[in-house]
Structure formats: structure tokens, C-alpha cells
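>>> Got a sequence here, can you build the structure:
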Amino acid sequence: MRPEPWEVVSRRVLVEDQWIHLRADDCLATDGRSISPYYVLEYADWVSVLALHESGGAIVVDEYRHGAGVVALGTIGGGVAVGEAPAAAAARELREETGYAAAEIVDLGATWANFGSHTNRVHHFLARGCRVVGEPEPDENETIAVQILPMETVGAQLRQSYHQLTWFKAREYLNG
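From the prediction side, this is the model:
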């Protein structure tokens, strides 16, 4: 028998600011179990962009990730602004984080960021034919270094699951 969605008996917002919206739901499962509190993070959707330089190399970023306390190699990405299309966010993040613009942005589909506790999705993109159009302009809370690495080796160096998935989806698209 397939599970049924829980009934939300009550919901309260615990934290809400420009970066995070955390709520606690008191839920009732169909079998009568009380699940309380169940914490949910409401984020805006994200984009993850695997960018390819005109020469074919993958444009990636080393970035300090404070939650894990590590500097890690990753795809280009960030949040989708209210009213912004994911493809536009992908192009904007590419420009801001790297100073590159793409000749073509390919939509590779979307997945849930973490559907156990997050409401948002990650929109995966491949940016092709990228060339420098200016200096990077990262957000004030970002510490980023841009690299160009061989496409075939970059996947093994990515340490975040949705970054790896973007690389995998891009590779599958390119090998079509």
C-alpha cells in the first residue's frame, strides 16, 4: 500500500529573514501517529550550472562553504530571485560568479534539493560556448576562485551531490 500525505494540524514559523524560512509542522499520519514537530526549510529554488569554455574545458569554482567549513570545487550556482526564470538565474549566476557569458544555456531539468526537509528544487543547466565578458562580481558573502578543468575529470572532484548530478546530466546531454 502506498503511503498517504500527512495532515498538517498546525504550522508555525520559527525563523524568517532574507536567507531562510524555517517552519515547524505538527502532523498526523493516516495511521494516527503524531509527527511533531517536523522541521521544514523553505528556500527559493536554486540553479546549478556546468559551464563549458569555448575551448571545451569545464568552468568551475572553488568556494568556501561555511556550513561544512570547507573550500570545495563546485558548479556555478545560486538562488532564483522572486519572479526570475531559472534559465535567467543560471545566466546571471554564471556572469556574477565567473565573469563569463554563454552562447547557449541548455535546461537539463530539475530535481528536489532535499525533499525530506526542503521545499525547493535545483534547476540544472549546461552553459555552452562560454567566454569572458567582464570581471566576476560575486555576492558579498561569497569567496570564489574560478578554474577551467577538463570536463571528463571534473565530475570526480565535485563534493556536493547536486553539483555531481549537474555534471552527470551535462555529460549525458553531450554524449546524447
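
>>> How about residues contacting stretch 155-168?
Defining contact as C-beta atoms under 8 Å, 6 or more residues apart in numbering, one finds that stretch 155-168 is touched by 46, 48-50, 58, 60, 65, 70, 72-75, 77, 108, 111, 113, 122, 124-125, 149, 154, 171. Where you see a C-beta, it was placed from the backbone N, CA and C, and this is true even at glycine.

>>> longest helix in the protein, by residue count?
Of all the segments of type helix in the chain, defined by DSSP state H, the longest one is helix 161-175.

>>> List only buried entries from the contacts of stretch 155-168.
Buried positions within the contacts of stretch 155-168, assessed by neighbour count (16 or more other C-beta atoms under 10 Å), are 46, 48-50, 58, 60, 73-75, 77, 108, 111, 113, 122, 124-125, 154, 171.

>>> mind checking the SS state of the residue of the chain most remote from its centre?
Of all residues in the chain, Gly32 has its C-alpha farthest from the mean position, at 35.7 Å, by C-alpha atoms, centre = their mean. When states are read from DSSP: H, G, I helix; E, B strand; the rest coil, the local structure at Gly32 comes out as coil.

>>> mean confidence score for stretch 145-158?
Taken as a whole, stretch 145-158 carries a mean pLDDT of 94.

>>> pull the CA atoms of it into PDB?
Only the C-alpha atoms of stretch 145-158 are listed here, as PDB (Å, rounded to 0.1, in the frame of the first residue of the first chain):
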ATOM      1  CA  ALA A 145      38.100  31.300  -7.300                       C
ATOM      2  CA  VAL A 146      37.400  30.300 -11.000                       C
ATOM      3  CA  GLN A 147      39.100  27.400 -12.700                       C
ATOM      4  CA  ILE A 148      38.900  25.700 -16.100                       C
ATOM      5  CA  LEU A 149      39.400  21.900 -15.800                       C
ATOM      6  CA  PRO A 150      39.000  19.000 -18.200                       C
ATOM      7  CA  MET A 151      35.200  18.100 -18.500                       C
ATOM      8  CA  GLU A 152      36.000  14.400 -18.200                       C
ATOM      9  CA  THR A 153      37.800  14.700 -14.900                       C
ATOM     10  CA  VAL A 154      35.800  17.400 -13.100                       C
ATOM     11  CA  GLY A 155      32.900  15.000 -12.000                       C
ATOM     12  CA  ALA A 156      35.200  13.000  -9.700                       C
ATOM     13  CA  GLN A 157      36.300  16.300  -8.000                       C
ATOM     14  CA  LEU A 158      32.900  17.600  -7.100                       C
END
